[in-house]
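Visitor: Pasting the sequence and the predicted model now:
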Amino acid sequence: MAEIFINQLKSGQEVSATFALRVKKLMPLRNGTGYYLAVVLGDRTGQLEGRIWESVFETYHGCKVGDVVKVQGQATEYNGKLQIQISAMSVYQVNEIDPKRFIPSSALLLETAREKLFSILESLQEVHLKSLVSLVLSDEDFMNAFITAPAAKRNHHATIGGLLEHSLGIVCAAEGMVQVYPNLDRDLLITGALLHDLGKVEEYRFRTGIDFTDEGRLLGHIVLGVRLLDHYIGQLPGFPEDLRLKLTHMIVSHHGQYEWQSPKRPKFIEAAVLHHLDMIDAAVDMFKSAAESRDDPEDHWSGWIKGLDRYVFCK
């Protein structure tokens, strides 16, 4: 089957391709005599709506949201937007799914990122924090998850590798903050920045889209992160209790406000700086994505960005 992506489709084009099924809804016909099936299809380049008018119930019950579906039909324009008039849709049977076809990937170069991680390790002077980071980086299973995990389901860094990009972005910003404010504990801030979201490796799963794991939905990445931190520190005899407490607090408080699901607000300066850097890095990615996702690159304004609660000026 030819590799075709949503951003390549043009009105009038015949479509025979695979997509991820994001949404499916049975909708009543205007004349009240039956139903049609409204779907949303997606891949790494975006998503678009589709309509199925025949074999509606068979198609509806033959697939579920999250499936990879084989779609045949024609791209058409309706009310100024592209959609697919679907003549046939069925589950695409394949043994292995490449998530990179259906989920955007971070632009971060993996080899460059690995080099940065180990340069962070080498830069640490506090022996216990260096041992902790070394232990985490040597955990192959954790690192395989860390370098591919998304940082969110939507809004910011919702990409394969987004968690690594987000974490390194905060580390780089933290290094700059230490230059401006030398009273900061540099090693504590850098370690907290690198590990603040480590629970997200267990919070999210991704295949054709990003979703929560059961643990992620029931516990969330803050609780999962504290659990992982305790797991690693438990392997380091003699790890100072004050450092364990501070790192735990940095994970627990990095959302900053109770209404943002933060169990605690930051109670010391490095925790406060981490919270603000977390907010800044997320906002920068959302503004960047708003500009890149415009339907018309010449338009000075994005559409409404829910995560920012505003339109974004892109000129």
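Guide: Arrived safely. Numbers count the residues shown, from 1 in each chain.

Visitor: Rounded mean pLDDT for the longest strand along the chain, please.
Guide: When the chain is parsed with DSSP state E, its longest strand is strand 14-28. The pLDDT scores in strand 14-28 average 95.

Visitor: got it, and stretch 305-315?
Guide: Mean pLDDT, stretch 305-315: 89.

Visitor: If we go by neighbour counts, what in it is buried?
Guide: For stretch 305-315, the neighbour count (16 or more other Cβ atoms under 10 Å) marks Ile305, Gly307, Leu308, Val312, Cys314 as buried. C-betas here are computed from N, CA, C, even on glycine.

Visitor: and which of these is nearest to Lys130?
Guide: Gly307 (35.7 Å; Cβ to Cβ).

Visitor: How far does the helix or strand just after the longest strand of the chain sit from its chain's centre?
Guide: Beyond strand 14-28 on the C-terminal side, the first helix or strand identified by DSSP states H and E is strand 35-43. Relative to the centre of its chain, strand 35-43 is centred 23 Å away, using Cα atoms, centre = their mean, to the nearest Å.

Visitor: Now that Gly73 has come up, it's in contact with Val15, right?
Guide: Yes - counting by Cβ atoms under 8 Å, Val15 is a contact partner of Gly73 at 5.2 Å.

Visitor: Which of the three states applies to the nearest residue to Pro266 once chain neighbours are set aside?
Guide: Once flanking residues are discounted, Pro266 sits nearest to Ala272: 4.0 Å by Cβ to Cβ, 6 or more residues apart in numbering. Here Ala272 is helix, with the state taken from DSSP: H, G, I helix; E, B strand; the rest coil.

Visitor: The helix or strand containing Ala193: which residues count as buried?
Guide: Following DSSP H and E, one finds Ala193 within helix 186-195. For helix 186-195, the neighbour count (16+ other Cβ under 10 Å) marks Arg186, Asp187, Leu188, Leu189, Ile190, Thr191, Gly192, Ala193, Leu194, Leu195 as buried.
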